[in-house]
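> I would like to see how this sequence folds:
(one chain, ligands or ions: 2)
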Amino acid sequence: MRTQVGIVGAGPAGLMLSLLLHRAGISSVIIENRSRAYVEARVRAGVLEHWTTELMNELGVGDRLRKEGLVHEGIDIGINGERRRIDFKALVNKTITIYGQQEVVKDLIAARLAQGGEIVFEVTDTAVDRLDGERPVIRYKKNGEPFEIECDFIAGCDGFHGICRPTIPASVLNEFDRIYPYGWLGILSESQPVSHELIYSHTDRGFALFTMRSNSVSRLYLQVDPDEDINKWPDEEIWKELKRRIGPETAAKLQTGRVFEKGITAMRSFVVEPMQFGRLFLAGDAAHIVPPTGAKGMNLAIADVLFLSRALDAFYKNKSTAQLDGYTAKCLNRIWKAQRFSYFMTTMLHLNPNDSEFDHKRQIAELDYVTSSKAASTALAENYVGLPVD
Ligand code: FAD
Ligand code: DHB
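Numbers count the residues shown, from 1 in each chain. Ligands and ions are numbered 1, 2, ... in the order given. Next up is the predicted model:
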């Protein structure tokens, strides 16, 4: 098989890249090791930045998003039970949209298949090779039979545990990371959200996040230890602890419901530099991870492939490699700002078990400042709705 851009991974990055390339008249094939049903059911992020929603609409994949997505004009920050609103609309005249990552994935897969695009699911033994030549290849097996795709370029959109990044010689890569002493226990429940907007709540018992997937499904998170045993958290304990981490007035309004998804995620920040090796370009979680506070992961993955698609378009239209050569620098400039913001939100909102009394008092002052100073809350709003992708 032959294509212009071979894409490894059918997550938000790989799928969005194939749609962007199609718009530019560039052919691509996606290979994915999971089944379509699996990737469409994987519960992850839920917040679309302002420009991500616009891009979905621009690409003609925003119909369901416009109907089912919940547009939010701000968030609440809780400080030991007291809720303070950050009004994005008033501060930066932008909004965010709540729409589950698996809904984005469903919409992108449906749109790509409707265009006649090729997505090969349930492959095994994926490998990328000949990266420093003009004809790199992707090899894989499907039902035990070997296949090879000859490409002009390969996009490594295969997530943090994929094979593309580890294929690059270690001597070429610089890795930067930070592990946090926090985990998130997340649930989905059949219950009306406690507030129509998100509440990021810092308390002396730890952090909690009250978000949603629809007007009848809540998504709720509790700060726990990164290696916490989920069996220690029967549903009743989760509800009790959520109520303790939100203040009595809001707790009284918190509706409980059937819990139908439950999991623990550890938190890390990670960046690899450069994001290119020969004709292999890394994008999304394959190149970087952010802690989830601030909801940047999926948006950052989509920003990378937007930059990559522009660079590939410039290459095919006028044989210019300047944008491809500048891909790493262009992405990293925005990635490090998202890392900075995710670090800021994470450390400001969680209770750090290693903090001294001084650190904690400073933290409360920071929460108070961010929610009472117009300059500071504007900076938070500007980052939360998404930095420019020009
Ligand atoms: P992925 O979505 O990981 O997609 C990579 C794809 O490549 C997958 O479909 C995978 O199956 C496939 N793949 C892997 N290896 C191979 C191979 N060898 N061959 C073929 N295919 C392969 N972000 C937030 O903003 N908020 C959240 O609440 C949040 N929660 C998260 C919870 C979890 C458990 C995880 C893991 C991530 C979470 N994130 C969250 C981050 C966000 O979901 C990611 O940033 C986003 O999925 C990145 O998209 P991606 O396309 O780069 O990678
Ligand atoms: C959601 C996840 C996040 O990490 C976040 O910061 C906000 C919302 C969510 O799953 O809805």
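> helices of this structure, start to end?
Secondary structure of the chain (DSSP state H): helices at 12-23, 36-41, 50-58, 63-68, 88-92, 101-114, 164-167, 235-244, 248-253, 297-318, 322-325, 327-349, 357-372, 374-384.
> then the longest one to PDB, C-alphas only?
These are the backbone C-alpha positions of helix 327-349, laid out as PDB (Å, rounded to 0.1, in the frame of the first residue of the first chain):
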ATOM      1  CA  TYR A 327       7.400  22.000  13.400                       C
ATOM      2  CA  THR A 328       9.100  21.100  16.700                       C
ATOM      3  CA  ALA A 329       9.800  24.800  17.600                       C
ATOM      4  CA  LYS A 330       6.200  25.800  16.600                       C
ATOM      5  CA  CYS A 331       4.600  23.100  18.800                       C
ATOM      6  CA  LEU A 332       6.900  23.400  21.800                       C
ATOM      7  CA  ASN A 333       6.300  27.100  22.100                       C
ATOM      8  CA  ARG A 334       2.600  26.400  22.800                       C
ATOM      9  CA  ILE A 335       3.200  23.000  24.600                       C
ATOM     10  CA  TRP A 336       5.400  24.600  27.300                       C
ATOM     11  CA  LYS A 337       2.800  27.300  27.900                       C
ATOM     12  CA  ALA A 338       0.200  24.600  28.400                       C
ATOM     13  CA  GLN A 339       2.600  22.700  30.700                       C
ATOM     14  CA  ARG A 340       3.100  25.900  32.700                       C
ATOM     15  CA  PHE A 341      -0.700  26.400  33.000                       C
ATOM     16  CA  SER A 342      -1.400  22.800  33.900                       C
ATOM     17  CA  TYR A 343       1.400  22.900  36.500                       C
ATOM     18  CA  PHE A 344       0.000  26.100  37.900                       C
ATOM     19  CA  MET A 345      -3.600  24.800  38.100                       C
ATOM     20  CA  THR A 346      -2.400  21.400  39.600                       C
ATOM     21  CA  THR A 347      -0.200  22.900  42.300                       C
ATOM     22  CA  MET A 348      -2.600  25.700  43.200                       C
ATOM     23  CA  LEU A 349      -5.600  23.400  43.600                       C
END
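> rewinding a little: any idea which of the helices of the chain gets closest to residue 130?
Distance to residue 130, taken as Cβ to Cβ, is lowest for helix 164-167 among the helices of the chain, at 11.1 Å. In short, each C-beta sits where N, CA and C put it, glycine included.
> put the alpha carbons of the closest one into CSV.
Below are the C-alpha coordinates for helix 164-167, written out as CSV (Å, rounded to 0.1, in the frame of the first residue of the first chain):
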residue,chain,number,x,y,z
CYS,A,164,6.8,5.7,17.5
ARG,A,165,8.7,7.7,20.2
PRO,A,166,10.7,4.7,21.4
THR,A,167,11.8,4.0,17.8
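> of the helices of the chain, flag the one that's most buried.
Each of these was scored by mean neighbour count; the highest is helix 12-23, a mean of 26, by mean count of other Cβ atoms under 10 Å.
> what helices or strands is it leaning on?
Helices and strands touching helix 12-23, by 3 or more Cβ pairs under 8 Å, 6 or more residues apart in numbering; DSSP states H and E, are strand 5-8, strand 28-31, helix 101-114, strand 153-156, helix 297-318.
> from residue 378, how far out is residue 171?
43 Å (Cβ to Cβ, to the nearest Å).
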